[in-house]
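fold the following, please.
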Amino acid sequence: MNTTINAFNGGVTSAKGFKASGIHCGLRKNKGKYDLACIFASHRCPTAAVYTTNRVFSSPITVTRENLADGMAQAVICNSGNANTCNGDGYETASQMGELLAEGLGIDKKDIVVASTGVIGVPLPIEPIKNGIPALVAALGDDEKAETDAATAILTTDIKMKKTAVSFELDGKTVTIGGMCKGSGMIQPNMATMLGFVTTDAAITSAMLQKALREAVADSFNMVSVDGDTSTNDMVCVMASGEAGNNEIAYENEAYTLFVEGLKKVCTYLAMAIAADGEGATKLLQCNVINFSDKTGARLLAKSVIRSSLVKAAMFGSDANWGRVLCALGYAGVDFDPQKVDLYFRSKEGAIAVCRDGKGLPFDEDEAKKILLAKHVFIDCDMKDGDQRATAYGCDLSYEYVRINGDYRS
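Take a look at the predicted model:
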């Protein structure tokens, strides 16, 4: 089996059997910003999802959980500008969103994934969505414009659109996985991401698709932190049309392993795009914890470094204050020997060792500054206590983050 996975500039319409659209329906005041998106599969197909672990969660999540009880769906509707959370009539509104799209598409209302993102605690008006459904359905297409419109319509404070796709061979057939997501602030998922939508033309059962999604997000979306806040609306879903024509993946085999690898590649790209587009961010941070005794501990250590406000602030100032990194490792709640730890900073400008066996090393501050001024900075933590590793993704903490969140509702 050819195991090469090729990435390309695609999205949710790259896989066979899917169309998408995005329009401005009037939920957002700025008429230049799209605020309603749709993904439509050619037929009812296996669909899996993971959701926020926040005990305060959105009404769309409740509706989607009910609709996906049988592991099948045919369409997604998502609005931006309003989270439809903590507002009294959210469940009824989320249900109506699904019913309106189902009527417009001529499908069952139970085959709709419903998602919302935006301000919490404000009633979501249904009239703009109702009035926009005909245009949303009419705009459905499988070209680059369609997937770009959809990827744009789900954004809130994001600066950049986030989408990608990969292809690989299964049973002599070309399988494609494409995805889009949104996320810039209120980001520290414990399950997936803010909002992420993935499509694939692989033939795979609902049960195996759910298992694959959980595996893929564990080392991708679950390893992102922008500000330590877990949203009420976090969701990632994946739909599988089966139109690639491969033998259906019904159990863990070589084909399943390759599918997970492809799905993980899409999820990791999108997760890194979220981190790089963090509110007010000037650089992408990547913490690699290597040579540790267990995988779970390595993940906790890496995320502890990435979510440290002091580490993030030091990276904004391009200050090689490595003591903050060691400190963040120390309060991660993981048992390790501090006197074994080596720390390094890396970027395209080079690499520099700053700590060995838990003790500071003499280093050139100017060289360190040059390394940390790069747009993508690696923080490497060698625990020297095993063969497990984990990577977490985040961003620096700038003045702009405070400004954005100080007047978010206005």
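
what is the neighbour count of residue 156?
Counted by other CB atoms under 10 Å, the residues lying close to residue 156 total 23. For glycine as for every other residue, the C-beta is placed from the backbone atoms N, C-alpha and C.

isn't there a helix covering it?
No - counting by DSSP: H, G, I helix; E, B strand; the rest coil, residue 156 is not found in a helix; it is coil.

who's in contact with it?
By CB atoms under 8 Å, 6 or more residues apart in numbering, residue 156 lies in contact with 80, 81, 117, 118, 182, 184.

helix, strand or coil for the fourth one?
So the one you mean is residue 118. strand.

can you offset everything so residue one is 93?
Shifting the count to begin at 93 puts that one at residue 210.

ok, it to residue 326 distance?
Taking CB to CB, to the nearest Å as the measure, residue 210 falls 14 Å from residue 326.

who's more crowded, those two?
Taking neighbours as other CB under 10 Å, residue 210 and residue 326 compare with residue 326 leading, 29 against 21.

looking at it, the more buried one is touching residue 144, isn't it?
Yes - under the criterion of CB atoms under 8 Å, residue 326 makes contact with residue 144 at 3.6 Å.

what bridges to residue 132?
For residue 132, the beta-bridge partners are residue 111, residue 167 (DSSP bridges).

is it true that it touches residue 112?
Yes - taking CB under 8 Å as the definition, residue 132 is a contact partner of residue 112 at 7.2 Å.

joint contacts of these two?
residue 232.

in the protein, which ranges drop under the pLDDT threshold?
Within the chain, the ranges that satisfy pLDDT under 70 run 93-94, 145-149, 178-180, 276-286, 318-325, 497-502.

what about residue 395, which SS state?
helix.

how about the nearest residue to it, chain neighbours excluded?
Spatially, and ignoring its direct neighbours in sequence, residue 395 is nearest to residue 484 (4.6 Å; CB to CB, 6 or more residues apart in numbering).

can you pull the contacts of the one you found?
Counted by CB under 8 Å, 6+ apart, residue 484 has contacts 315, 316, 317, 378, 379, 381, 391, 394, 395, 397, 398.

now with 7 Å, please.
315, 317, 379, 394, 395, 397, 398 (CB atoms under 7 Å, 6 or more residues apart in numbering).

host element of it?
Assigned by DSSP states H and E, residue 484 belongs to strand 480-487.

how about residue 251?
Using DSSP H and E, residue 251 falls outside every helix and strand.

pull the number of nearby residues for it.
Counted with other CB under 10 Å, residue 251 comes out at 12.

how about the one 3 residues further on?
Using other CB under 10 Å, residue 254 is surrounded by 25 other residues.

residue 391 and residue 482 touch, don't they?
Yes - if you go by CB atoms under 7 Å, residue 391 and residue 482 touch, sitting 4.2 Å apart.

okay, and the common contacts of these two?
residue 315.

give the helix, strand or coil label for residue 170.
strand.

who are the contact partners of it?
129, 207, 208, 246, 287.

from what I can see the first one touches residue 246, true?
If I follow you right, that is residue 129. Yes - contact status for residue 129 versus residue 246: in contact at 5.2 Å, counting by CB under 7 Å.
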